[in-house]
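Enquirer: The following block contains a protein sequence and its predicted model.
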Amino acid sequence: VYGTIVRHAAMLLAGFGIIYFLQRTPYQKFPKWIVLFTFVSIGMMIYTIFFGEYINGARRSFHFFFFSIQPSEFLKISAAMMLALILSRTQLKGGGVSDAGVRWTAGIILFFCIMLVPQGLTNTLLLMSISLSMMLIGGTTFRKMFFVLVFYGMCFGAYLIYQHVRGSSEKEQTELTADGSESGSRVNVWSDRLSNFWGSGEPKYKQELTSDNRQEMLGYMAQAHGGMVGVGPGNSRETSRLPLAFTDYIYSIVVEETGLIGGLFILALYLWLLARASAIASKCSRAFPALLVIGMALVIVFQALFHICIVTGVIPVSGQPLPLISKGGSSILVTSIAFGVMLSVSRFAVRNSARKKEIKQEPVKLTVDDFDL
């Protein structure tokens, strides 16, 4: 009974340790560790692609001692770190990003997306949203952004054609893995989810509860049961029926227990986090710490927005944890890394920038004795 609580408490303790260590480390030491962290994340992802455990038809995780590691979480934050490093070192004197910086950025993100897209389209779109936002904040012109989007679209179209050809054989679509899970084309999964999302035009409350839409419908029921002010913490009715109520659909339980007001308050907290990161970035005198703190905030906030949009029915159903709230080891560790990096930038970059500004703007005090001849 208490095993889950003990493991979760251990992950939280490890997260606090990561935050404490990183916030005391000057951000100037991060570049060399970012490259190493990125290679480790890529290595874990490659290992998972070939030897990972099947979850919902795709290899998504592997076990490390007593913990289950999802490399996709580490890949997203390492991509944001690498983008901050590349964009900061390819800044033009007159402002903006050089062509080489745009090419490197687009190439790295494409490489990461190639590894993420077999696991799920949502993670791929999330990574692309983070990368495009960082490119825009880093000074990339709209003209270059347009070419990057066209490049991404062509690559994604080629992938769809490849999957369509690969999945044309019925034998491949129904091939079973060793553990009994299907390993067919992911395009079929995306198509089914889009079809369920658009539906037949019939209102949700009139649709029959089936095994395919059980999670989605129970999530809506939980939010409707919460009303405006909620039923109170611990009084959730759907938490015992809703699958993955503690991870992918925890926001619906939050709304059920705290109501629409509590749900909007949680959303406002994530947006406030992004605003605070923007304020810290505006006080940095160098591009690297500014882009780094914005990148870490975007990783947390975009994932939270994707989770909330999925649970409330704004976008098709997929699995995304809610940072700081959902249960999960990898999510806790990645969120802790992001907070530790942001605190380090706030502690060292902003302080150093304030000191330089104070020295430059310090007035010269003259007395009568200075003019005494």
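Expert: Everything's here; your move. Numbering: from 1, shown residues only.
Enquirer: switch to C-alpha atoms for all contacts and neighbour counts from now on
Expert: OK.
Enquirer: I'd like the distance between Asn213 and Lys204.
Expert: 10 Å (CA to CA, to the nearest Å).
Enquirer: how far away is Ser331 from Leu110?
Expert: Ser331 sits 23 Å away from Leu110, going by CA to CA.
Enquirer: who has more neighbours, these two?
Expert: Ser331 (25 against 19; other CA atoms under 10 Å).
Enquirer: residues in contact with that one?
Expert: 73, 321, 323 (CA atoms under 8 Å, 6 or more residues apart in numbering).
Enquirer: buried residues in the helix or strand harbouring the first one?
Expert: Read it as Glu73. With the criterion set as DSSP states H and E, the secondary-structure element containing Glu73 is helix 71-89. With burial defined by 16 or more other CA atoms under 10 Å, the residues of helix 71-89 counted as buried are 71-88.
Enquirer: Who are the packing partners of it?
Expert: Judged by 3 or more CA pairs under 8 Å, 6 or more residues apart in numbering; DSSP states H and E, helix 71-89 is in contact with helix 30-51, strand 58-64, helix 99-116, helix 121-137, helix 287-312, helix 329-344.
Enquirer: any idea of the angle the third one forms with helix 71-89?
Expert: Think helix 99-116. In this structure, helix 99-116 runs at an angle of 180 degrees to helix 71-89, with axes from the mean of the first three to the mean of the last three CA atoms, to 10 degrees as the basis.
Enquirer: Buried residues in helix 99-116, which are they?
Expert: Under the neighbour-count criterion of 16+ other CA under 10 Å, helix 99-116 has 101-102, 105-106, 108-110, 112-113, 115-116 buried.
Enquirer: For it, which helices and strands make contact with it?
Expert: Packed against helix 99-116 by the contact rule (3+ CA pairs under 8 Å, 6+ apart) you find helix 30-51, helix 71-89, helix 121-137, helix 142-166.
Enquirer: Point out where the stretch 251-373 of the chain drops to low pLDDT.
Expert: Residues of the stretch 251-373 of the chain that meet the criterion pLDDT under 70 lie in 351-373.
Enquirer: the inter-axis angle of the longest helix along the chain versus helix 287-312?
Expert: The helix spanning the most residues in the chain, taking DSSP state H as the definition, is helix 250-282. Using the same axes, to 10 degrees, the inter-axis angle of helix 250-282 relative to helix 287-312 is 160 degrees.
Enquirer: name the helices or strands packed onto helix 250-282?
Expert: Contact analysis of helix 250-282 by 3+ CA pairs under 8 Å, 6+ apart lists helix 214-226, helix 287-312 as its packing neighbours.
Enquirer: make it 10 Å
Expert: helix 214-226, helix 287-312, helix 329-344, helix 350-361 (3 or more CA pairs under 10 Å, 6 or more residues apart in numbering; DSSP states H and E).
Enquirer: Which one, of the helices and strands packed on helix 99-116, ends up nearest to Ile337?
Expert: Each of these was scored for nearness to Ile337 using CA to CA, and the closest is helix 71-89 (8.6 Å).
Enquirer: Give me the distance between Met11 and Asp248.
Expert: When distance is defined by CA to CA, Met11 is 18 Å away from Asp248.
Enquirer: any idea how far Ala100 is from Tyr205?
Expert: With CA to CA as the criterion, Tyr205 and Ala100 are 53 Å apart.
Enquirer: now do Arg7
Expert: Arg7 sits 45 Å away from Ala100, going by CA to CA.
Enquirer: likewise Arg60?
Expert: 33 Å.
Enquirer: Kindly report the same for Gly230.
Expert: Taking CA to CA as the measure, Gly230 falls 52 Å from Ala100.
Enquirer: Repeat that for Leu160.
Expert: Counting by CA to CA, the gap between Leu160 and Ala100 amounts to 28 Å.
Enquirer: Now Val97. Nearest residue, chain neighbours left out?
Expert: Closest residue to Val97 apart from its sequence neighbours, by CA to CA, 6 or more residues apart in numbering: Gln91 at 4.7 Å.
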